[in-house]
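Engineer: starting from these lines, generate the structure:
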Amino acid sequence: MTQNRIDWLKARRSGIGGSDVAAILGLNRYKSALDIYNDKISTEEPKEQQSESAYFGTILEDVVAKEFSKRTGLKVQRVNTMLRSGMGGWMIANIDRAVVNPDIAGRVSVYDEQRQAETGRMISTNWILECKTANQFSADQWGESQETEIVNGQIVTEHKIPIYYETQVQWYMAVTGCDTCFVAVLLGGQDFRIYAVKRDEDVIKALKEHCSVFWHEHVLKGIPPEAQNMEDVQKLFPVDNGDMVEATNEQAADIGELRTLAERIKELTDQQTVVKSRLIASLGANSGLMIGGEKACTYKAQKSTRFDSTRFKKEQPAVYQDYVKSTETRVFRLAA
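Structural biologist: Now for the predicted structure:
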């Protein structure tokens with residue numbers, strides 16, 4: 001990882017960025033508000049933790065931006081600076097590209113404070129571009145492309161993009177003061193779509209209020225946000241204190257509901273086992289069944305190779321101890 005990348009990751013800790021917003025709101029499947037909080041308060045050297053999809057998304061960003069420009073006829077330009085707004089600059093934006101609006105300027109530049117105050121924008125355009133790549137399995141989260149409408153300069157349909165990207169681009173418009181964010185996405189490596197997302201003041205107001213509380217009442221004060229899921233609880237309270245406390249009425253109701261669900265799951269599992277066993281018995285030596293010529297189920301031999309740890313421990317006890325790794329985690333169980 002280059003020094004520039006390290007410096008950029010450090011700078012991201014000094015405020016709330018567009019990709020943080022969905023997690024803070026509980027709309028990100030992969031990160032929670034607690035994950036964002038822990039990253040912001042961390043004093044450790046940043047580490048690159050890009051997934052394969054995120055890595056190729058970065059690599060293909062330039063390709064998507066060029067294709068957007070080719071299809072729309074709009075010029076795009078990099079803005080190589082982290083844009084900031086809000087008291088103390090806690091609202092930050094790293095936009096993929098600015099889109100040149102020739103009615104404002106032939107080239108995009110970052111305004112000084114005086115021009116920002118005069119125009120209500122941070123840059124000399126009111127259009128920005130966000131570039132995305134996604135797999136084909138998420139195609140149903142994206143609506144019909146608005147490419148033709150954008151080229152014709154008349155947007156008559158409503159855009160549809162995933163909610164976590166909607167919050168991201170609305171945040172970028174909140175920071176920059178721009179009124180339109182174009183979103184270009186390459187789906188499955190072969191389906192290119194373009195959308196025009198308009199600035200929504202009601203959404204922006206809600207995002208600012210929620211994220212301001214997160215930044216000022218949690219990050220700056222060093223108070224972790226409430227847990228949003230089981231993983232958060234493990235991070236906040238990795239070890240129990242040994243105390244048993246009396247349940248509240250709400251907790252008692254949850255325990256009762258959990259017991260009822262556990263009983264229903266057991267009943268359904270038992271029913272599943274009966275039906276599955278009946279099907280297996282009826283197959284005999286056949287490999288599977290078809291319905292209307294389409295494969296419905298299979299029952300085939302499957303090979304597996306496993307490490308015999310019991311034998312290894314018995315025959316190589318000293319070596320075994322060198323490779324033993326003990327872990328401790330909290331486990332939830334309902335009392336009988």
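
Engineer: how much space separates the closest residue to residue 228 other than its chain neighbours from residue 26?
Structural biologist: Excluding its sequence neighbours, the residue lying closest to residue 228 (Cβ to Cβ, 6 or more residues apart in numbering) is residue 32, at 4.5 Å. Every residue, glycine included, has its C-beta placed from N, CA and C. As judged by Cβ to Cβ, to the nearest Å, residue 32 and residue 26 stand 7 Å apart.

Engineer: now do the shared contacts for those two.
Structural biologist: Common neighbours of residue 32 and residue 26 (criterion: Cβ atoms under 8 Å, 6 or more residues apart in numbering): residue 228.

Engineer: which residues of this protein fall in strands?
Structural biologist: For the chain, the strands defined by DSSP state E occupy 76-77, 83-85, 91-93, 97-99, 127-134, 180-187, 191-198, 288-291, 294-298.

Engineer: parallel or antiparallel, list what pairs with the shortest one.
Structural biologist: Within its sheet, strand 76-77 is paired with strand 97-99 (antiparallel), according to DSSP bridges.

Engineer: for the last one, same thing?
Structural biologist: The partner list of strand 294-298 in its sheet, established with DSSP bridges, is strand 288-291 (antiparallel).

Engineer: ok, residues contacting the partner strand?
Structural biologist: The contact list for strand 288-291 (Cβ under 8 Å, 6+ apart) reads 279, 283, 295, 296, 297, 298, 299, 300.

Engineer: tell me which residues touch the third one, please.
Structural biologist: Put plainly, it is residue 295. The neighbours of residue 295, taking Cβ under 8 Å, 6+ apart as the test, are residue 288.

Engineer: residue 178 reaches residue 124, doesn't it?
Structural biologist: No. Counting by Cβ atoms under 8 Å, residue 178 does not reach residue 124; the two are 10.7 Å apart.

Engineer: okay, now the unreliable bits of the protein?
Structural biologist: 1-6, 8, 48-50 (pLDDT under 70).

Engineer: helices of that one, start to end?
Structural biologist: Assigned by DSSP state H, the helices in the chain fall at 3-12, 18-24, 33-41, 52-59, 61-72, 113-119, 147-152, 163-176, 201-213, 230-236, 249-283, 309-315, 317-323.

Engineer: returning to that earlier point: CSV for the strands of the chain, including distance to residue 209?
Structural biologist: Output for the strands of the chain, formatted as CSV (distance: least, Cβ to Cβ, whole Å):
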stretch, distance to residue 209
strand 76-77, 32
strand 83-85, 15
strand 91-93, 12
strand 97-99, 27
strand 127-134, 23
strand 180-187, 20
strand 191-198, 20
strand 288-291, 54
strand 294-298, 52
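
Engineer: just so I know, which of the ones you listed lies nearest residue 265?
Structural biologist: Of all the strands of the chain, strand 294-298 sits nearest to residue 265, with 22.2 Å by Cβ to Cβ.

Engineer: got the angle for that closest one vs helix 249-283?
Structural biologist: 100 degrees (axes from the mean of the first three to the mean of the last three Cα atoms, to 10 degrees).

Engineer: number of nearby residues for residue 39?
Structural biologist: The tally of other residues near residue 39 (other Cβ atoms under 10 Å) stands at 18.
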